[in-house]
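Participant: The sequence isn't on hand, but the structure is:
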Ligand code: SF4
Ligand code: SF4
Ligand SMILES: [Mg+2]
Ligand SMILES: [Mg+2]
Ligand SMILES: [Mg+2]
Ligand SMILES: [Mg+2]
Ligand SMILES: [Mg+2]
Ligand SMILES: [Mg+2]
Ligand SMILES: [Mg+2]
Ligand SMILES: [Mg+2]
Ligand SMILES: [Mg+2]
Ligand SMILES: [Mg+2]
């Protein structure tokens, strides 16, 4: 029910500024961006889509920061495992 | 279009005296008898049916008289032919 | 007489036109295209034969005859869209089984295996489906066939009429290559296996729209055993058809055309039940064009007419069998009717069936 | 742990219940009964199998295997009710031919002869019918089959949706008695011949109601040649199915149940096109349950997995073939999915298809 | 079937045929017009011409109410049927009659809802069952059928049915016969009078034919012996030098007609000043319209029908056939461009149309008939 | 897919799992509730529990808006759909939810016209295309979905669309969480906060949970790594002895929420004094209704809905499951009488319902999981 899908804004419809065409994995649809602030999104931005509406703009800085944290612990873990394996082989 | 079929009246519907059940060669249907005079037909009478209405009551005396004429000439003709055949055989 | 010659010229020109490949002139499908009459045949020839043409299909028999390895098989299909689904004497289920069994049987095949494809309308009562399926099973058992594969689709409300059934059937051919409308010859006799039109009129009345009551039941029945009895007794059988959509008259026309012969029928020899006659008169239709679902038309060498008749009459489904006509050479491609009254007239294909959706 | 034991008891009880003969609990047919999922299987088992039961039907393979004289034949049928009738990459006509060709092919038969039954709605454009018929002819030629017999019915406006087509098909079985879901064993490999879900999503989007645009075409294709290539190279093939209504997940469940084995699939090995993935996410559906019309699922002896994969990939229709899973003994009758994320879950039959009338 | 089978007896037919032949004067040609399409149908359906000597020709008259409906009225009907919420009812015979852009079946294929009914009363039943639809009955027919429409309107009024109306195309037989008699290119020796029309109008209205035009007329039944006997009666009149109105069909037709039926017509309908007949053109006082008293049942008033006059197709020679000037097969398009499946003219549509009857039943010559009897 | 695939990485999952395991105190059991059904769905769909130590249990909360709709509201919806001329629209999830006499599919099989839509705006399109129908949108959902309904009502008002209305069943998340927290039979260590609701309401409304009840809450995204990371963040808070509101889903959820969306809700809807939640009973100020200013779009006013309270089936233990007191499989009818094809309770219907998610995806034990990986 609360299904939300990230999509990339391709264009704001010139005749209907409350509508934007978004791309979800190669699939395109017009969605309503009336719940976002005027001018908040532009082509290239990503939004979260829910029942045909953009609910929020995705904050790429926040995403990057969070991903770095995850990648960091992932890397650390893999290194540790690798080290463990090596130590066992020896 | 002017298709008319003879049918035998089986009963006058008690709740709808303008309707009668008729029998056409074993097939039964209610038809409207409102175009005939009240009391003109009773069970056992024959009527001419056109698009669900009885258009007239069939006059059995007239029918009998006409048929006798036809049978008469038919019989006379057959006799004549038979006589002709016999005369040829001899 | 000059007049007569001119008329004959006109009529000959018409026959030439009639033999041309037909064209569908309508832009849209109408009910007439499903009636079994001229419009159906035009659609089949101009659209389906035109595209799919192959020797098996082109014969336009009730079942196609094919070879797989050394075995000669018969294959047929029919969809059933009868309305109402239940009627005195049967329902769409036994109709769907008997119809396909009969198409195999009249092609000279022993019916063996059936497929069943259901298209159900959303909202269709499951209890009705169970009744229909039970009838199919009973009909399959009676005909000695197995329903070996199937399919079910459901469409939204308003996209069907309760239940449509397609059956296809496979049989093994008894007398390969021998039977077929094209083998019919002048001198052959024409038989029907019983009284005609019961099914079509029954279904029509079962709709209830006409408020006509009659003590009628559908003649739906599997004719495989009747056909087997006939074939065993009568080597001279040339062709058989079950007289379904379009009735006996349509079959006779199909054969007259396929064999390029005249078929001449005596009106007063054609068995028609009293009620069927009555309903037909009331509705202004001709029983010769009304569907049966358990009657066959048989073409047999003239010398074996009585043998064939006896064979048919020896079987419960053929008790009322009758010799109704003869095949002549002229006029080729036409069906003529000697009327009870002593006149003669043409008995052509109808443009559209007066009774839609009787099968 | 006690908790775990109690949970296991509950789950075992559920599996026992699941194995009971199902009952149709609804009073009326709903769209779910035509979805290919649980409701369809319940209807098939509780209504059709219950009535028609025979050894050929009971196997519930894509085609029934039968004997006529000494010849082993395959027989199958499907009705097609796809909406819209025309969609990117095909139309109901080639779908109807390919679908039946494929059911024969995956049963290990060489497709030979088809029947065609049309139910047309009054008002259907003749030009559309001609286009559909031309596609059928082209598809039949491509598959090397002949359409040898047919039937046409016309129903009133509002009693169909333009055009429904039933096809039944006959083929000759190449390897009698050998193939079948029941022969699948632990250790077998599971392959698909290409990316999944293209057909279902294409048709869904072609309806236009969702206003979703995508560069997608249906995968409809005849797989007889792909199957022939595979069988020639790989003696260890145990069973094949074309992944139509209900998609790959439904096939896997059918086989798991028929063979009483577990099928374990790696989610990240299942080929799914970018757009199919996108549309599925948007619509909240799972591509594993979306229909294809030219993809097969293959079960093959584990030792021959690579041989089979190579054979599939050598064919134009199998370029994207993938080994997606393995058969295990436990838990019997279930399909498990190892998720990309590294977890494991059940992949059960759906109750109803989220995409109605895609075939 | 009683009152049917007795009149199909071949031996009586042979006797009548012999008597008719005996009355033919050598070298004289006789032409009788059967006014009614029902007779035309019977003649071809039973092969009645086989009994007639070659010197007697039957000319098929304008008495098929389907055949004389002009194209414009079909277009008007389809126009009404296309209005939102309209469900039209019609007798089956009308379904195939071509308008300028297809017939009722074609129109249904495009989306209208025109249903066949057996009786006008069925339209009322449909109206009751479909309160959200406007049911319009496409009324056609001569005085035979008009009373049924009249009774239906009266019943609708009595029951207060609001969603029912009639598109009235009823016509009257006498003006048509008069138009035929006045047409210069025709020579007739007598008329086979329309039996079922006469159950309503009786036999008196034909008296002007005998009196003013000196032609005998015999009102005839619809079984083949009825018609054969009528021809015999006409021949006797000619032989006797008489020209009278006689009633062969006295078992069904009362001399005075059916007064109740005539009253029902008069109550609900009135004569139109003129009406177009296909092939015959405009004939004054030849058709009926709904009286203003029953205006709310008059579809012509409820719906703004275009009422455009549509010229008959160029190739169409129906007018000549309807007047009996041409035999059906003499029309240039008969049986080739114009067939029952693709009719150009209306005479090819109704089973009572001369062209359809001839095409369906009579399309081969008498010489061949003789050869085509089974052993 | 960007913002999706990155969050399904198995090696990062293993790393997080190791960290989570490292934070577990021996002998201590942890119970976290994921409030939102979307999370429940993700957990089972991706097999996320396989990564958790046995001492951590996820409790499935009331955050599936489909699951908490009481039977009576389904009956009311069907009542509306049965009115002549009504075309109802609904999200696909609703179609199978059982009322006391069947679900929407069953109702359609009996003759109603309830169609699935992807967006509330599609209902407006349908209304424009079907001017002769009354289109009623069956609105359900938390604050995530309410703004879309609100925008649709505003658009209908702006365009003056007259044949459109909303049967409003929107609910609010905070009162439900409060009801859970106040329920005596439950012990929770923290909450996985609903990510998409929070895009609208922001993170502040959860502060009372941390402040008044001393429970940590982490607002989480919907990919499996999001949830795993949230569990890690909860474990860190517990380890640190903190109870705070944290936002794991900061790429999507702004701390303040979406003011435009909240304004749209406030313009068109107002709180109901109370509303029944399936299994939870009546909760005050927990649902929205259409404001009287937009009364003409309020189907509840347009149609006289019966509004009868229907008791849940006796066997149904959805309430306990929704409160997290019972695991789905602990319900007596789970998987036998109650299955996705024959659901007794609503939790078995929506793919986000705890019972359906567990039945569809999780219905086998972890011991077996370990054995079921392919070579
Ligand atoms: S053949 Fe056709 S066009 Fe010619 S008169 Fe007859 S109906 Fe009219
Ligand atoms: S198993 Fe069914 S009845 Fe029991 S809690 Fe789950 S949904 Fe409710
Ligand atoms: Mg057939
Ligand atoms: Mg058949
Ligand atoms: Mg047949
Ligand atoms: Mg199938
Ligand atoms: Mg229906
Ligand atoms: Mg199949
Ligand atoms: Mg198939
Ligand atoms: Mg298949
Ligand atoms: Mg057929
Ligand atoms: Mg339609």
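Facilitator: Perfect, thanks for sending it. For clarity, every value in this text was computed on a predicted model and none was experimentally measured. Ligands and ions are numbered 1, 2, ... in the order given.
Participant: Next, count neighbours for residue E:90.
Facilitator: Residues lying near residue E:90 (other C-beta atoms under 10 Å in any protein chain shown) number 22. Every residue, glycine included, has its C-beta placed from N, CA and C.
Participant: got a list of what it touches?
Facilitator: Residues in contact with residue E:90 (C-beta atoms under 8 Å, 6 or more residues apart in numbering or on different chains) are E:77, E:104, E:114-117, E:137-138.
Participant: With residue E:181 instead?
Facilitator: By C-beta under 8 Å, 6+ apart, the neighbours of residue E:181 are E:188, E:209, E:213, E:215.
Participant: One more pass at 7 Å, please.
Facilitator: E:209, E:213 (C-beta atoms under 7 Å, 6 or more residues apart in numbering or on different chains).
Participant: Could you do residue E:109 as well?
Facilitator: Shown in contact with residue E:109 (C-beta under 7 Å, 6+ apart): C:28-30, D:122-123.
Participant: Remind me which helix or strand it belongs to.
Facilitator: Residue E:109 belongs to helix E:104-110 when assigned by DSSP states H and E.
Participant: Could you identify the helix or strand that succeeds that helix?
Facilitator: Downstream of helix E:104-110, the first helix or strand assigned by DSSP H and E is strand E:114-116.
Participant: Residue E:184 - that's part of a strand, no?
Facilitator: No. Under DSSP: H, G, I helix; E, B strand; the rest coil, residue E:184 falls outside any strand and is assigned coil.
Participant: Test for you: state the pLDDT assigned to residue E:10.
Facilitator: In this model, residue E:10 is scored at 91, pLDDT.
Participant: And for it, the neighbour number?
Facilitator: Neighbourhood size, residue E:10 [other C-beta under 10 Å]: 18.
Participant: Apart from its neighbours in sequence, what residue is nearest it?
Facilitator: Sequence neighbours aside, residue C:342 is the residue nearest to residue E:10 in space, at 3.5 Å (criterion: C-beta to C-beta, 6 or more residues apart in numbering or on different chains).
Participant: Quick check: longest strand in chain A by residues?
Facilitator: Identified as the longest strand of chain A according to DSSP state E is strand A:5-12.
Participant: From the contact counts, what lies against the very next helix or strand once past that one?
Facilitator: Going down the chain from strand A:5-12, the next helix or strand is strand A:19-24, by DSSP H and E. In terms of contacts (3 or more C-beta pairs under 7 Å, 6 or more residues apart in numbering or on different chains; DSSP states H and E), strand A:19-24 is packed against strand A:5-12, strand A:27-32, helix D:274-283.
Participant: What mean pLDDT does the last one get?
Facilitator: The predicted model gives helix D:274-283 an average pLDDT of 92.
Participant: sorry, back to before: so for the longest strand of chain A, what gets flagged as buried?
Facilitator: By 16 or more other C-beta atoms under 10 Å in any protein chain shown, the buried positions in strand A:5-12 come out as A:5-9, A:12.
Participant: can you list the residues that contact it?
Facilitator: Defining contact as C-beta under 7 Å, 6+ apart, one finds that strand A:5-12 is touched by A:20-24, A:28, A:41-49, A:58, D:281-282, F:2-4.
Participant: Spit out the contact partners of residue E:200.
Facilitator: By C-beta under 7 Å, 6+ apart, residue E:200 lies in contact with B:55, E:143-144, E:147, E:257-258, E:261-262.
Participant: Which helix or strand contains it?
Facilitator: Using DSSP H and E, the element containing residue E:200 is helix E:195-201.
Participant: quick revisit: between the contacts of residue E:200, which is closest to ligand 6?
Facilitator: Comparing those against ligand 6 with C-beta to the ion places residue E:144 closest, at 55.4 Å.
Participant: now for the helices and strands packed on strand A:19-24, which one comes closest to ligand 10?
Facilitator: Per C-beta to the ion, nearest to ligand 10 of the helices and strands packed on strand A:19-24: helix D:274-283, 19.9 Å.
Participant: ok, the closest one near chain A or not?
Facilitator: Yes. Counting by C-beta under 7 Å from any C-beta of the partner chain, chain A has neighbours in helix D:274-283: D:274-275, D:277-279, D:281-282.
Participant: For the residues you listed, which single residue is the most surrounded?
Facilitator: That'd be residue D:279 among the residues of helix D:274-283 next to chain A, by other C-beta under 10 Å, with 29 neighbours.
Participant: Now do that one against residue F:1, distance only.
Facilitator: Going from residue D:279 to residue F:1 by C-beta to C-beta, to the nearest Å gives 12 Å.
Participant: ok, the residue of the stretch 101-250 of chain E found nearest chain A - contacts?
Facilitator: Nearest residue of the stretch 101-250 of chain E to chain A (C-beta to the nearest C-beta) works out as residue E:111 at 31.4 Å. Contacts for residue E:111 (C-beta under 7 Å, 6+ apart) come out as residue D:123.
Participant: Now it. Its backbone dihedrals?
Facilitator: phi 130, psi -10 (degrees, to the nearest 10).
Participant: low pLDDT regions in the stretch 251-359 of chain C?
Facilitator: Where the stretch 251-359 of chain C drops to pLDDT under 70, the residues are C:353-354.
Participant: all helices of it, in order?
Facilitator: Listed in chain order, the helices of the stretch 251-359 of chain C (DSSP state H, counting those that start in this stretch) span residues C:274-283, C:305-313.
Participant: Nearest approach to ligand 5 belongs to which of these?
Facilitator: Smallest distance to ligand 5 across the helices of the stretch 251-359 of chain C (C-beta to the ion): 17.5 Å, for helix C:305-313.
Participant: State the distance from the residue of the stretch 51-200 of chain E found nearest ligand 8 to ligand 3.
Facilitator: The minimum distance from the stretch 51-200 of chain E to ligand 8, using C-beta to the ion, falls at residue E:109 (31.8 Å). Distance, residue E:109 to ligand 3, using C-beta to the ion, to the nearest Å: 25 Å.
Participant: Over to residue A:21?
Facilitator: For residue A:21, the distance to ligand 3 equals 52 Å [C-beta to the ion].
Participant: How about chain A: which residue is closest to ligand 4?
Facilitator: residue A:27 (46.4 Å).
Participant: Excluding chain neighbours, what is closest to that residue?
Facilitator: residue D:278 (3.7 Å).
Participant: Quick one: neighbours of the residue nearest to residue E:10, just the number.
Facilitator: Per other C-beta under 10 Å, the neighbour tally for residue C:342 reads 23.
Participant: Also the one 3 residues further on?
Facilitator: For residue C:345, the neighbour count with other C-beta under 10 Å is 27.
Participant: Hmm, residue E:361 and it touching each other?
Facilitator: Yes. In this structure residue C:345 lies within contact range of residue E:361 using C-beta atoms under 7 Å: 4.0 Å.
Participant: List the residues that are in contact with both of those two.
Facilitator: Taking C-beta under 7 Å, 6+ apart as the contact rule, residue C:345 and residue E:361 both touch E:44-45.
Participant: picking up where we left off before, residue E:92 is nearest to which of the helices and strands packed on strand A:19-24?
Facilitator: Nearest to residue E:92, of all the helices and strands packed on strand A:19-24, is helix D:274-283, at 48.9 Å by C-beta to C-beta.
Participant: Now the residue of the stretch 251-359 of chain C found nearest chain E. Nearest residue, chain neighbours left out?
Facilitator: Here the stretch 251-359 of chain C gets closest to chain E at one residue, residue C:343, 1.9 Å apart by C-beta to the nearest C-beta. Leaving aside its sequence neighbours, residue C:343 sits nearest to residue E:47 (C-beta to C-beta, 6+ apart; 1.9 Å).
Participant: Tell me the spacing between the one you found and chain A.
Facilitator: Residue E:47 sits at a distance of 71 Å from chain A (criterion: C-beta to the nearest C-beta, to the nearest Å).
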